[in-house]
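> Mind looking at a prediction? Sequence and model below.
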Amino acid sequence: MGSRHLSRSIAMQSLYEWDFMSKEDKSLDKILEKNINEFGPGLENTNFIKELAKGVKKNIEKIDKIIEKAAPEWPIKQINIVDRNVLRLGLYELLYSNKEEVPPKVAINEAIELAKMFGGESSGKFINGVLGTVFKELNNQTTKQPNNQTTKQ
């Protein structure tokens with residue numbers, strides 16, 4: 001398993017635990033440290049794990065609204081806890097990460113792999129559908145932006 005994939009896995013497990021514990025504000029740091037020590041003792045750089053988990057935490061309200069818009073038949077509380085946190089992580093990377101470091105298709109594929117590894121039988125398809133919907137919407141927004149250039153006469 002590659003170090004970035006392992007880092008995503010640890011971030012997702014930490015977000016899962018944090019979400020399960022009612023998202024107590026100070027507990028995420030403790031959960032991250034515990035999970036890094038347990039699941040990633042050989043990782044040289046743990047900044048990526050912390051960036052992902054804390055980025056999701058910081059943007060969770062915006063991310064959850066996007067999930068609810070992209071999957072309107074699934075209120076956020078009805079999405080199982082694994083899928084919910086895989087979606088949050090995938091959306092964080094899709095929306096907020098450096099696109100040169102993590103191209104959108106990589107963010108989506110990584111989320112699908114996490115869903116297959118930790119989720120249920122249909123988790124991969126569900127994650128693919130929601131993230132695919134958001135990705136298409138992002139592409140539509142960027143291709144439909146008006147040309148802001150004005151010409152002086």
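Cool, got the structure.

> Okay, buried residues for the lengthiest helix in the chain please.
Ranked by number of residues, the top helix in the chain under DSSP state H is helix 123-143. Judged by neighbour count using 16 or more other CB atoms under 10 Å, the buried positions of helix 123-143 are 123-124, 126-128, 130-131, 134-135. Bear in mind the C-beta positions are built from the backbone N, C-alpha and C, glycine included.

> For residue 97, grab the count of nearby residues.
17 (other CB atoms under 10 Å).

> Okay, now the unreliable bits of the chain?
1, 25, 144-153 (pLDDT under 70).

> Determine which residue lies closest to the centroid of it.
residue 89 (1.4 Å; CA atoms, centre = their mean).

> in the protein, which spans are helices?
Going by DSSP H, the chain shows helices at 3-20, 27-39, 47-58, 60-70, 81-96, 104-118, 123-143.

> ranking the ones you listed by burial, who's on top?
Highest mean neighbour count of those: helix 81-96, a mean of 24 (counted as mean count of other CB atoms under 10 Å).

> For the residue nearest to residue 3 when sequence neighbours are not counted, list the residues it contacts.
Closest residue to residue 3 apart from its sequence neighbours, by CB to CB, 6 or more residues apart in numbering: residue 43 at 6.0 Å. Counting by CB atoms under 8 Å, 6 or more residues apart in numbering, residue 43 touches 3, 6-7, 36, 49.

> do the same with residue 88
Counted by CB under 8 Å, 6+ apart, residue 88 has contacts 15, 56, 60, 63-64, 67.

> ok, now with 6 Å
56, 63 (CB atoms under 6 Å, 6 or more residues apart in numbering).

> ditto for residue 117
No contacts exist for residue 117 under CB under 6 Å, 6+ apart.
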